[in-house]
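Trainee: Next comes the sequence, and after it the predicted model I'd like to discuss.
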Amino acid sequence: MAILEGASDLRATDLPTRVETASAAAAGAISARLDRLPATRAVWKLILLLSLGFFFELYDLLFTGYIAPGLVKSGILTPTTTGLFGTSGVASFIAALFCGLFVGTVACGFLADRFGRRAIFTWSLLAYVAANTVMAFQDTAGGLNFWRFVSGMGIGVELITIGTYMSELAPKHLRGRAFAICQTIGFSAVPVVAFLSWLLVPKAPFGVDGWRWVVLLGGVSALFVWYFRRNLPESPRWLAGKGRLREADEVLARLEAQVERQHGKPLPEPGPADPVPRKAQFADIWKPPYRKRTVMLIVFHIFQTVGFFGFANWVPTLLVKQGITVTSSLMYTTVIGLAAPLGPLVGYWIADRFERKHVIVCMAALNIVSGLLFSQASAAVSIVILGVLLTLAGNIISFTYHAYQQELYPTAIRARAVGFVYSWSRLSAVFSSFVIAFMLKDFGVTGVFVFIAGAMTLVIFVIGLMGPRTLGRSLESISH
């Protein structure tokens, strides 16, 4: 009798494990079905819709440097600050954005894991559009910086959500190219905002400062996302991870039917389902195999930000500091900005052919060389060519690491984990903006680019030595 009771207890204790195993197997089958989808119009449509959201996000993120000369001209901000952490200069405006991005990514990254990718994708975008609209009517440095901080929170959440959403919807054979196309469309915002800034910032149409028009035009245009959002399904991987297997199957079945019609023949059979990692907790980022990845990405983000935003947010001000007029500076940056979408577009051809880590290392090296040469350039042709090379290198790094970091964590904690490591780039940008302002004041443009070169050297070492390989592998297999 005792033996029978013991067996009964064992079966009762074993039941949750069997249920969890069956659920993990079903989630693995969902992932295998997604990964075998061919690249048809239905798949690319989802990628393009997400990319549209990324366009407006980058418009709002990157107008900082382009409207800075207008903010100085209007008397709201000053080009440099009297102290390292002064709140009346361009550096404080840049820092306010990145403080908001830090809070949005580190404190709010859990929202997409809890409430779903689709809902947070939409609501975070609307939140930062509203904040930027209020910011456009500010006349003091304090009001400007506060509302830039609030908009930065929304942008931070949006950045994490789009990357997570994209990595889970794109089949594994398409993941790198999907991020390349997303970033190509997103970085098309750079020449748009550069052109609008060149056209409007030096002027005051209808008596309103040109920089205010640049901000408002981005917000009004972003409202179109409300219209397009209805075409985006929830991530089947997220639904499966939440135990909502029926919903995941329904969403995926609809997508499979569309893909099969466009493919013109039966879909290939799903490959073997990789086992889904056990239900992960956020604390697992400090346990093997994620601990090494977490440390690597924290160090990477602290220093890659210096290279990317050190140029993107400061190039008009750097050119003005070299004696070039505001109008000419904005004209140069408009031409340089035309190269922004070309980086990821070039990356489309290499995205799923070369390891992500190797691409990052090579482009960081190009950033170092081009930046140091840029600091010595004075002729218009040299400035534009080197600016284009810096832009291409930075944007190829950007699309590559956005794909890379999403691959390194399991679905259950992907948004939170990526939000945490990504937040270090925001914290870095807060302080590096003040350091760059200090370097510019005391050591000139050359000092700024020596500082950037040192940061990118550390990027090369940490990714080259610690980065795992991910090319062509399923998200589930990378997570083991």
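Mentor: Yes, it's here. Numbering: from 1, shown residues only.

Trainee: middle-most residue in the chain, spatially?
Mentor: Leu159 (4.7 Å; CA atoms, centre = their mean).

Trainee: and that residue, backbone torsions?
Mentor: Backbone torsions of Leu159, given as degrees, to the nearest 10, read phi -60, psi -50.

Trainee: Now do the contacts for Ala170.
Mentor: Contacts for Ala170 (CB atoms under 8 Å, 6 or more residues apart in numbering) come out as 43, 47, 178-179. Where you see a C-beta, it was placed from the backbone N, CA and C, and this is true even at glycine.

Trainee: one more time with 7 Å
Mentor: 47, 178 (CB atoms under 7 Å, 6 or more residues apart in numbering).

Trainee: Look at it and report its pLDDT.
Mentor: pLDDT, Ala170: 94.

Trainee: Got phi/psi on it?
Mentor: Dihedral angles (degrees, to the nearest 10) for Ala170: phi -80, psi 130.

Trainee: Thr64 versus Val384, what's the distance?
Mentor: Distance, Val384 to Thr64, by CB to CB, to the nearest Å: 21 Å.

Trainee: higher neighbour count, the two?
Mentor: Taking other CB atoms under 10 Å, Val384 and Thr64 do not tie; Thr64 has more neighbours (23 against 18).

Trainee: Find the helix or strand that that one is a member of.
Mentor: helix 41-73 (DSSP states H and E).

Trainee: Buried ones in that helix, by neighbour count?
Mentor: 42-44, 46-73 (16 or more other CB atoms under 10 Å).

Trainee: what does stretch 453-463 give?
Mentor: Under the neighbour-count rule (16+ other CB under 10 Å), stretch 453-463 has 453, 455-456, 458-460, 462-463 buried.

Trainee: still on that earlier bit, from Gln183, how far out is the residue nearest to the centre of the chain?
Mentor: Counting by CB to CB, the gap from Leu159 to Gln183 is 12 Å.

Trainee: go on, Thr470?
Mentor: For Thr470 relative to Gln183 (CB to CB), the value is 17 Å.

Trainee: Then Val462?
Mentor: Distance from Val462 to Gln183, by CB to CB: 22 Å.

Trainee: now the helices for the stretch 151-300 of the chain?
Mentor: Ranges of helices within the stretch 151-300 of the chain are 175-187, 189-200, 210-222, 225-228, 236-241, 245-263, 290-312, based on DSSP state H, counting those that start in this stretch.

Trainee: which sections of the stretch 1-150 of the chain are below the confidence cut-off?
Mentor: Residue ranges of the stretch 1-150 of the chain with pLDDT under 70: 1-23, 80-87.

Trainee: how about a cut-off of 80?
Mentor: 1-26, 62, 65, 78-88, 91, 107-109 (pLDDT under 80).

Trainee: any chance you could map the helices in it?
Mentor: Under DSSP H, counting those that start in this stretch, the stretch 1-150 of the chain gives helices at 2-35, 41-73, 90-108, 110-115, 117-135, 141-169.

Trainee: The stretch 351-480 of the chain too?
Mentor: 356-374, 380-407, 414-466, 475-478.

Trainee: Mean pLDDT and distance to Ala91 for those helices - can I get that in TSV?
Mentor: Output for these, formatted as TSV (pLDDT from 0 to 100; distance: least, CB to CB, whole Å):
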stretch	mean pLDDT	distance to Ala91
helix 356-374	94	19
helix 380-407	89	20
helix 414-466	88	4
helix 475-478	84	38
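
Trainee: of all those helices, which lies closest to Asn132?
Mentor: Nearest to Asn132 among those is helix 414-466; the distance by CB to CB comes to 17.1 Å.
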